[in-house]
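Asks: Sequence plus the predicted model coming up.
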Amino acid sequence: MVALAEKAPVRLTMQTVEIAPNTTAIRSLDWDRDRFDIEFALENGTTYNSFLIRGDKVALVDTSHEKFRQLYLATLTELINPAEIDYLVISHTEPDHSGLVKDVLQLNPHITVVGAKVAMQFLDDLVHQPFQRMLVKSGDRLDLGQGHELEFVSAPNLHWPDTILTYDHGTHTLFTCDVFGMHYCDDQTYDEDLALLDADYKTYYDCLMGPNARSVLSALKRMGDLPEITTIATGHGPLLRHHIPELVGRYRDWSQAQAKAATTVALFYMSEYGCSDRLAQAIAHGIAKTDVVVEMVDFQMADPQEVRELVDMAAGVVIGMPPQSGTYASHTQALLSTILAASHAKQAFGLFEAGGGDDESVYPLRNRLQEIGVIEVFPPILIKETPNESTYQLCDEAGTDMGQWLNRDRSIKQIKSIDNDLEKALGRISGGLYIITAKKGEASSAMLASWVSQASLEPLGVSIAVAKDRAIESFMHVGDRFVLNVLEEGNYQPLMKHFLKRFPPGADRFAEIKTYAANNGCPILADALAYLECEVVSRMEGSDHWIVYSKVDVGRVSKPDALTAIHHRKVGNHY
């Protein structure tokens, strides 16, 4: 075992240990991290686990977080000359596991990167350099020699769209990245004391896996075809060896309960055709904002009976049009017929083109669904050119519209659920009226807001509560920039009326509104009383809102003597 340490300013250490013949775990221990990913609190830090497998060929499974750059690369080069590494397996491209991919490629540009098709698309944007690649899907194998034959298992949405699991037939080790992991930092390599891990294991599942319960069940089903698993080599926390049946069983039980209770959308797409996978993921992201479960199904791997069962229980169906010809044409036509046969009038639907140039037309299928009585929630998304930021934003907004439509009865019930005196008292908390405007690349968005307050003096900062199912939520992640436009008392009605409208997916929020560009590139409303240019610093998750804290860089008042418009509500349980 090798240990390298850097004690200041935080405790970052490295641990290496042989977990199977010719298989080394390289664990980056982040002892003091107290927040992670979607801003849930960590009580015991976390780890980022990477693995080195040596056969006749050598494979590195995942890397580490960029904060470990010097420690990780020093440890890796102490274990092996990077020039001897043949393959870099990418379980998924989230930065805590792939943050050092570019560094490894610089050490050895000849490595073949192995991963799902979507992972390669994400990596192109991450490393900005050409690299050798090998696309894999469920059932594909890679023989390293000396008994180390790797088999890949697709596990999309756990909790990243490009996730794959890797099983080594020679050591019966399953490398799972986020799946079955937990945020728990300890010198113990394995799960000896289950009682110590229970709470963190459940919290991790609830935050990262629970929202994709059906995808968890699909991955567990694919895992069932593997031989005996003696070690689960996770990407976070201890590796699993002593309690595998118990901990895998918990995932199954929790996911079955979650899947039965949740509203579900079945989303069909063709992973290796056009831009179907990325468009589908954008729609799924929008749906997931509304706390609706999305079950993504690749036409190429779909079983007709499973499709029938899924569509029969789904509240909504979204279909990315497959190609009219080619290897899978007859298979996809049969699946489309199965979807039509299982659809019923109580469902919602949406259709989108894949942008492959040979797409089935959306209109015959649209007409058939309308004849059944299925309700179209968003108009067909037609791809006339290479998708860009605006296209993906349109898809995200379409997904959000579907989720909101499916939740309409629940939303009305929630509005009526608060005690009358309580809701009246809560409504007496007043606030100003503001419009948030944001732009990223070619995509833009805006939202009327009233839950805004100053949050700090040094640096100057504000906090804004943004509902999770608002379209602008995608523009308000850490590092994003926006403008907070302050509305003027007595002169706010036209802007308020405009931005309260329900815009169709992809619509220009700023049509017929006079704007000019801020220093950060976002729109400033010409009729606003004042504006503040902001940058998101952190986000805290609430039950139905994100609390977004942002520093303020630039500000200006157009009328020094005018007053801010004030919003007085009668009740406090809805806007």
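Replies: Ah, there it is.
Asks: what's the following helix or strand after the least confident helix or strand in the chain by mean pLDDT?
Replies: When the helices and strands of the chain are scored by mean pLDDT, DSSP states H and E, strand 3-6 comes last with a mean of 43. Sequence order places strand 12-20 as the next helix or strand after strand 3-6, per DSSP states H and E.
Asks: partners of the next helix or strand after that following strand in the sheet?
Replies: Going down the chain from strand 12-20, the next helix or strand is strand 23-30, by DSSP H and E. Paired neighbours of strand 23-30 in the sheet (DSSP bridges): strand 12-20 (antiparallel), strand 46-54 (antiparallel).
Asks: Any chance of a markdown table for the ones you listed, columns mean neighbour count and distance to Thr437?
Replies: From N, CA and C alone the C-beta is placed, and that goes for glycine too. Shown next, in a markdown table, are the strands paired with strand 23-30 (neighbours: other Cβ atoms under 10 Å; distance: least, Cβ to Cβ, whole Å):
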| stretch | mean neighbour count | distance to Thr437 |
| --- | --- | --- |
| strand 12-20 | 18 | 39 |
| strand 46-54 | 24 | 36 |
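Asks: Mind putting those strands into a markdown table with distance to Ile464?
Replies: Converted to a markdown table, the strands paired with strand 23-30 look like this (distance: least, Cβ to Cβ, whole Å):
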| stretch | distance to Ile464 |
| --- | --- |
| strand 12-20 | 33 |
| strand 46-54 | 28 |
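Asks: Select, out of those strands, the one closest to Val462.
Replies: Proximity to Val462 (Cβ to Cβ) singles out strand 46-54 among those, at 29.6 Å.
Asks: how about the helix or strand hosting Tyr363: buried residues?
Replies: If you go by DSSP H and E, Tyr363 is part of helix 362-372. Across helix 362-372, burial judged by 16 or more other Cβ atoms under 10 Å covers Val362, Leu365, Arg366, Leu369.
Asks: just the residues you listed now: which is nearest Tyr251?
Replies: Leu369 (34.4 Å).
Asks: how much space between the residue positioned nearest the centre of the chain and Ser558?
Replies: Centroid-nearest residue in the chain, with Cα atoms, centre = their mean: Trp160, separated by 5.5 Å. Using Cβ to Cβ, to the nearest Å, Trp160 is found at 44 Å from Ser558.
Asks: The stretch 251-400 of the chain: strands as residue ranges?
Replies: Shown for the stretch 251-400 of the chain, the strands assigned by DSSP state E, counting those that start in this stretch span residues 264-269, 293-298, 316-320, 348-352, 375-376.
Asks: Going by mean pLDDT, which of these comes out lowest?
Replies: Lowest mean pLDDT within the strands of the stretch 251-400 of the chain: strand 293-298, at a mean of 83.
Asks: shaky segments in the protein?
Replies: Low-confidence segments of the chain (pLDDT under 70): 1-10, 34-42, 211, 261, 409-419, 572-575.
Asks: Which positions within stretch 217-229 qualify as buried?
Replies: Going by 16+ other Cβ under 10 Å, stretch 217-229 has these buried residues: Leu217, Ser218, Ala219, Leu220, Met223, Ile229.
Asks: ok, which stretches of the stretch 251-400 of the chain are helices?
Replies: Secondary structure of the stretch 251-400 of the chain (DSSP state H, counting those that start in this stretch): helices at 276-288, 304-313, 329-342, 362-372, 389-406.
Asks: any chance of those in a markdown table, plus distance to Gly356?
Replies: Output for the helices of the stretch 251-400 of the chain, formatted as a markdown table (distance: least, Cβ to Cβ, whole Å):
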| stretch | distance to Gly356 |
| --- | --- |
| helix 276-288 | 7 |
| helix 304-313 | 21 |
| helix 329-342 | 12 |
| helix 362-372 | 13 |
| helix 389-406 | 14 |
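Asks: which of those sits most buried?
Replies: Neighbour counts (mean count of other Cβ atoms under 10 Å) averaged over each of these peak at helix 276-288, with a mean of 25.
Asks: And that one, what does it pack against?
Replies: helix 117-127, strand 264-269, strand 293-298, strand 316-320, strand 348-352, helix 389-406 (3 or more Cβ pairs under 8 Å, 6 or more residues apart in numbering; DSSP states H and E).
Asks: which outside residues touch the first one?
Replies: The set of residues external to helix 117-127 that reach it, using Cβ atoms under 8 Å, 6 or more residues apart in numbering, is 90, 92-93, 95, 98, 101-102, 105, 113, 115, 131, 133, 135, 137, 156, 161-162, 164, 271-272, 277-278, 281.
Asks: export the helices and strands packed on helix 276-288 to TSV and tack on distance to Asn491?
Replies: Listed next are those as TSV, based on distance: least, Cβ to Cβ, whole Å:
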stretch	distance to Asn491
helix 117-127	43
strand 264-269	42
strand 293-298	42
strand 316-320	41
strand 348-352	39
helix 389-406	29
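Asks: so which of those comes closest to Gly373?
Replies: strand 348-352 (10.5 Å).
Asks: ok so, going back, quick one, which of the strands paired with strand 23-30 gets closest to His243.
Replies: Nearest of the strands paired with strand 23-30 (Cβ to Cβ): strand 12-20, 15.9 Å.
Asks: Run the chain-centre distance for the closest one.
Replies: Relative to the centre of its chain, strand 12-20 is centred 29 Å away, using Cα atoms, centre = their mean, to the nearest Å.
Asks: for stretch 55-75, same thing?
Replies: That offset, for stretch 55-75, works out to 24 Å (Cα atoms, centre = their mean).
Asks: How far does it stretch from one end to the other?
Replies: 20 Å (Cα to Cα, to the nearest Å).
Asks: Name the residues of it that come out as buried.
Replies: 55, 57-65, 67-68, 71-73, 75.
Asks: Closest one of those residues to Pro304?
Replies: Closest to Pro304, out of all of the buried residues of stretch 55-75 and judged by Cβ to Cβ, is Val61, at 34.2 Å.
Asks: For that closest one, give me its contacts.
Replies: For Val61, the contacting residues are Ser50, Phe51, Leu52, Ile53, Val89, Ser91, Thr166, Phe175, Ala233, by Cβ under 8 Å, 6+ apart.
Asks: if we go to 7 Å?
Replies: Ser50, Phe51, Ile53, Val89, Ser91, Thr166, Phe175 (Cβ atoms under 7 Å, 6 or more residues apart in numbering).
Asks: for the nearest residue to the second one once chain neighbours are set aside, which residues make a bridge with it?
Replies: Just to be clear, that refers to Phe51. Nearest residue to Phe51, sequence neighbours excluded (Cβ to Cβ, 6 or more residues apart in numbering): Val61, at 4.2 Å. Counting by DSSP bridges, Val61 is bridged to Phe51, Val89.
Asks: where does Val61 sit relative to Ala83, distance-wise?
Replies: Distance, Val61 to Ala83, by Cβ to Cβ: 18 Å.
Asks: cool, Gln258 as well?
Replies: From Gln258 to Ala83 the distance is 46 Å (Cβ to Cβ).
Asks: ditto for Ala565
Replies: Counting by Cβ to Cβ, the gap from Ala565 to Ala83 is 64 Å.
Asks: Neighbour count: the two, which is higher?
Replies: In this view Ala565 and Ala83 are compared by other Cβ atoms under 10 Å, and Ala565 has more residues nearby, 20 against 11.
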